[in-house]
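> kindly return the folded structure for what I paste below:
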Amino acid sequence: MSIWAIVPVKPLAESKSRLSPALDPQARERLVVWMLEHELRVLRDCTPPLAGTLVVSHDTSVLEIARSCDATPVKENPGGGLNGALTSGVREAVNRGAETIVILPTDLPKMIAGDILELLARIPAAPGVALAPDRHRTGTNALAESPPDLLDFEFGETSFLDHCAQARAKHAGLAVVERPGLMLDIDTPQDLAEIEDLVDRARLG
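Below is the predicted model of the structure:
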């Protein structure tokens with residue numbers, strides 16, 4: 001079974017604007033780059049069973065980071081938003097023979113290889129979906145599915161519930177994977193307190 005990870009990334013200058021009360025633009029950019037590089041290193045350590053990782057962005061700096069971390073850059077057209085980036089990523093993954101995809105955001109600073117390996121091990125037989133919710137159990141922090149076009153992506157504040165409902169409506173197998181490294185995402189200044197030691201180490205503040 002060929003499994004590809006897909007990581008959509010906004011332009012660095014537009015990322016994590018909700019952190020502006022705590023971090024200036026340069027610090028936010030450094031944080032995003034640090035989290036992206038961390039995530040790509042983790043995914044590289046999961047190859048195999050991952051066949052590879054696609055980083056989808058129209059920011060050339062992001063695509064260069066992807067190359068430096070042994071990921072495959074995928075240039076997206078500006079203006080497509082998250083759904084456009086995911087559509088481009090899924091198309092490229094399928095072209096490369098993907099039978100299963102894993103979609104991840106860039107803001108999982110405590111993610112480790114064991115988290116990804118557990119997620120992959122829990123994917124039900126096709127048609128099947130494995131979901132990792134955020135710590136509030138409302139958003140989706142990781143989505144693995146087989147086949148790659150099983151669900152319509154509904155990332156947002158209630159995406160975990162929406163994706164679960166879709167999987168059930170399509171009579172797909174559903175696994176919910178709750179691991180600390182997949183449940184902590186960084187969206188608000190309050191979230192930064194959870195990674196204060198990492199922020200200090202990376203000299204982001």
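> strands along this structure, start to end?
3-8, 50-57, 72-75, 100-103, 128-133, 140-146, 173-176 (DSSP state E).
> residue 188: which of the ones you listed is closest?
With Cβ to Cβ, the closest approach to residue 188 among those belongs to strand 140-146: 14.7 Å. To be clear about C-beta, it is placed using only N, CA and C from the backbone, and glycine gets the same treatment.
> now do the closest one: which elements does it pack against?
Contacts defined by 3 or more Cβ pairs under 8 Å, 6 or more residues apart in numbering; DSSP states H and E place strand 140-146 against strand 100-103, helix 113-121, strand 128-133, helix 159-169, helix 180-183.
> could the ones you listed be laid out in a markdown table, adding distance to residue 20?
Output for these, formatted as a markdown table (distance: least, Cβ to Cβ, whole Å):
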| stretch | distance to residue 20 |
| --- | --- |
| strand 100-103 | 26 |
| helix 113-121 | 29 |
| strand 128-133 | 26 |
| helix 159-169 | 24 |
| helix 180-183 | 24 |
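> quick check: bridge partners of residue 57?
residue 75 (DSSP bridges).
> I'd guessed it sits against residue 82; true?
No. In this structure, residue 57 is not within contact of residue 82 by Cβ atoms under 8 Å, at 11.3 Å.
> overlap of the contact sets of these two?
Residues touching both residue 57 and residue 82 (Cβ atoms under 8 Å, 6 or more residues apart in numbering): residue 8.
> for this structure, give me the ranges with low pLDDT.
197-205 (pLDDT under 70).
> the more surrounded of residue 57 and residue 82?
Using other Cβ atoms under 10 Å as the criterion, residue 57 and residue 82 rank with residue 57 on top: 25 against 15.
> any idea how far residue 126 is from the more buried one?
Counting by Cβ to Cβ, to the nearest Å, the gap from residue 57 to residue 126 is 29 Å.
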